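Enquirer: how does the following fold in three dimensions:
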Amino acid sequence: MLAVLRIAVVVASHLVDDGPPDVAPPAGFTGDVRQRPAVGEWRATGRTTSSGGYLGSRDVGETIVRRWTTGRRCAAGRCSFVMTRELADGERLTSPLTPRPDGWHATLDKTMPCRVVDGKQLAWNQRSSFLLRFTNGGRRAEARQVDLSYAKQCGYGTSRVDWTAAVSAATTRPTGNDGPVPRDRGPVNGIGEAAMAASVGRAARADAATLRRQVAAAIDRPVRLELHPETICRSRVNTPDGTGAPFECLVVAIDSEKAERFVIQVLVAAIEGRCWRAVAVAVKGADGRWLDYEKAAVERVLGRAPLRGCA
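Expert: Sure, this is the predicted structure:
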């Protein structure tokens with residue numbers, strides 16, 4: 001009987017009992033902060049300046065690309081602005097844009113998984129506070145983002161990102177290779193299944209030592225895995241309901257000593273430009289059966305060094 005493993009990446013936490021920490025809000029802007037935002041789609045590029053409390057968190061200095069949308073709402077002779085931020089998985093969060101003396105403020109809340117206890121997935125709330133300044137007639141922006149995630153059962157995590165953004169030249173076109181995962185049919189983020197399979201295969205072979213450790217921990221014995229170039233990927237747009245991770249990929253590995261065959265499942269759920277991060281990895285035997293398996297040491301290894309690549 002082949003050993004089978006399922007590994008879920010969970011968010012690291014600093015367990016606390018006295019509520020979330022005091023986290024400084026985004027630093028305010030000086031000078032002219034009165035310009036109103038132009039209405040349309042934006043291409044926003046962010047740089048991580050700090051991050052802590054999240055497994056698999058972005059490195060300081062790592063850049064991300066996102067699509068933002070600004071809109072204008074009017075009622076009873078008064079108008080206001082809203083900002084919609086599209087996440088890596090295509091989900092959209094919207095907040096009013098509120099002008100204040102130090103810039104335009106927006107607050108976005110999202111419930112996210114944080115850790116697994118006794119087989120149950122726990123969640124915490126992440127609050128993202130944005131402070132923006134618009135220039136060039138409202139068509140360019142600087143922004144500062146501060147995240148705070150907290151729940152008593154999970155602890156807390158914090159991060160900061162600095163952004164620059166500009167209104168897209170053609171706001172009706174898909175963001176394509178430079179932005180978040182689109183919701184329409186076709187290659188995900190401009191990346192086809194063959195290109196993703198080749199990229200995942202390269203990344204898996206480059207990080208074969210980590211995969212070997214994970215499988216060995218699952219079956220409680222040393223294993224000599226040889227990764228074969230039999231990687232395949234399926235885009236979520238080719239699934240029956242069109243939902244789930246942007247790509248599900250399978251990498252075949254053979255234990256050369258015992259002639260056992262494993263299929264390593266890589267769920268690619270974070271795509272930024274043409275680069276990606278696998279936030280969940282699982283292993284199953286050739287019989288296709290799964291065995292629930294939670295081992296903190298394996299989860300920490302995976303969260304500390306998630307599989308990454310660029311297609």
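
Enquirer: which positions in the longest helix along the chain come out as buried?
Expert: As assigned by DSSP state H, the longest helix anywhere in the chain is helix 193-206. Residues of helix 193-206 classed as buried by neighbour count (16 or more other C-beta atoms under 10 Å): 193, 196-201, 203-204. Glycine gets a C-beta too; all of them are placed from N, C-alpha and C.

Enquirer: ok now it, how far from the chain's centre?
Expert: For helix 193-206, the separation from the chain centroid amounts to 19 Å (computed by C-alpha atoms, centre = their mean, to the nearest Å).

Enquirer: helices or strands up against that helix?
Expert: Applying 3 or more C-beta pairs under 8 Å, 6 or more residues apart in numbering; DSSP states H and E, one finds that helix 193-206 makes contact with strand 225-227, strand 232-235, strand 247-255, strand 260-272, strand 275-285, strand 307-310.

Enquirer: got the CA positions of it in CSV?
Expert: This file holds the C-alpha atoms of helix 193-206, laid out as CSV (Å, rounded to 0.1, in the frame of the first residue of the first chain):
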residue,chain,number,x,y,z
GLU,A,193,-1.0,25.1,-19.6
ALA,A,194,2.1,23.8,-21.5
ALA,A,195,4.1,26.8,-20.4
MET,A,196,3.0,26.5,-16.8
ALA,A,197,3.8,22.7,-16.8
ALA,A,198,7.3,23.4,-18.1
SER,A,199,7.8,26.1,-15.4
VAL,A,200,6.5,23.9,-12.6
GLY,A,201,8.7,21.0,-13.8
ARG,A,202,11.8,23.2,-13.7
ALA,A,203,10.9,24.5,-10.3
ALA,A,204,10.2,21.1,-8.9
ARG,A,205,13.5,19.7,-10.1
ALA,A,206,15.4,22.7,-8.8
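
Enquirer: for residue 265, see how far away residue 255 is.
Expert: Residue 255 is 17 Å from residue 265, where distance means C-beta to C-beta, to the nearest Å.

Enquirer: cool, and residue 225?
Expert: Residue 225 sits 15 Å away from residue 265, taking C-beta to C-beta as the criterion.

Enquirer: now residue 26
Expert: From residue 26 to residue 265 the distance is 38 Å (C-beta to C-beta).

Enquirer: which of the helices and strands packed on helix 193-206 has the lowest average pLDDT?
Expert: Averaging pLDDT over each of the helices and strands packed on helix 193-206 singles out strand 275-285 as the lowest, with a mean of 71.

Enquirer: check which residues of whichever helix or strand residue 50 is part of are buried.
Expert: Of the helices and strands defined by DSSP states H and E, residue 50 is found in strand 40-52. Counting neighbours by 16+ other C-beta under 10 Å, one finds that the buried residues in strand 40-52 are 40-46, 48, 51.

Enquirer: residues near residue 29, how many?
Expert: Using other C-beta atoms under 10 Å, residue 29 has 17 neighbouring residues.

Enquirer: again but with residue 62, I slipped
Expert: Close neighbours of residue 62, defined as other C-beta under 10 Å, add up to 14.

Enquirer: that one touches residue 50, doesn't it?
Expert: No - in this structure, residue 62 sits apart from residue 50 without contact. The criterion is C-beta atoms under 8 Å, and the distance is 11.4 Å.

Enquirer: excluding residues flanking it in the chain, which one is nearest residue 74?
Expert: Sequence neighbours aside, residue 80 is the residue nearest to residue 74 in space, at 7.8 Å (criterion: C-beta to C-beta, 6 or more residues apart in numbering).

Enquirer: the one you found pairs with what?
Expert: Partner residues in beta bridges with residue 80: residue 73, with DSSP bridges as the criterion.

Enquirer: lovely, talk soon.
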